[in-house]
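Asks: Can you look at this prediction? I've put the sequence above it.
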Amino acid sequence: MSFVAAVPTDKKDAYLAHCKMAAEIFKSHGATRVVELWGDMVPEGEITSFPMAVAAKDGETVVTGWQEWPDKTTCDASMEKAMSDPRLAELGSMPFDAARMIYGGFQTLVDV
């Protein structure tokens, strides 16, 4: 699973804390790797761009990341379990507007 979102820049520390706890939850349900990236070179586009895709506003930073899973079957079953894990609810609301987050799963074509 992969995602892109816009996070208020002044909430970077809260976002990092949220990510660390969420990573523990996903890993406890079978994710083999969780990666979170804070944008530092994410230009505006004229036709399309990451900022446009998530409707980034002034004062927001585009982030991206992904979880790696052993296989699609594990991912599908584990994502459902992770999303209903009570620890995720304990995190409270996400430190960004989740309605503007885009996500999806992808099949590896090249891994060099």
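Replies: Yes, it's here. Numbering: from 1, shown residues only.

Asks: Tell me which other helices or strands the lengthiest strand in the chain touches.
Replies: If you go by DSSP state E, the chain has its longest strand at strand 60-68. For strand 60-68, the packing partners by 3 or more C-beta pairs under 8 Å, 6 or more residues apart in numbering; DSSP states H and E come out as strand 2-8, helix 12-28, strand 33-38, helix 50-53. Every C-beta, even on glycine, is put in place using the N, C-alpha and C of the backbone.

Asks: worst-scoring helix or strand of this structure, pLDDT-wise?
Replies: In the chain, no helix or strand scores lower on mean pLDDT, DSSP states H and E than helix 86-90, which sits at a mean of 86.

Asks: List the contacts of that one.
Replies: If you take C-beta atoms under 8 Å, 6 or more residues apart in numbering as the criterion, helix 86-90 is touched by 21-22, 24-25, 82.

Asks: could you redo the last one with a cut-off of 10 Å?
Replies: 21-22, 24-26, 28, 82-83 (C-beta atoms under 10 Å, 6 or more residues apart in numbering).

Asks: Give the buried residues for that helix.
Replies: Within helix 86-90, no residue counts as buried by 16 or more other C-beta atoms under 10 Å.

Asks: Same check on stretch 69-80?
Replies: 69, 75, 78-79.

Asks: what about the residue lying farthest from the centre of the chain, distance to residue 52?
Replies: Among the C-alpha atoms of the chain, the one most distant from their mean position (C-alpha atoms, centre = their mean) is that of residue 46, at 24.6 Å. Distance, residue 46 to residue 52, by C-beta to C-beta, to the nearest Å: 9 Å.
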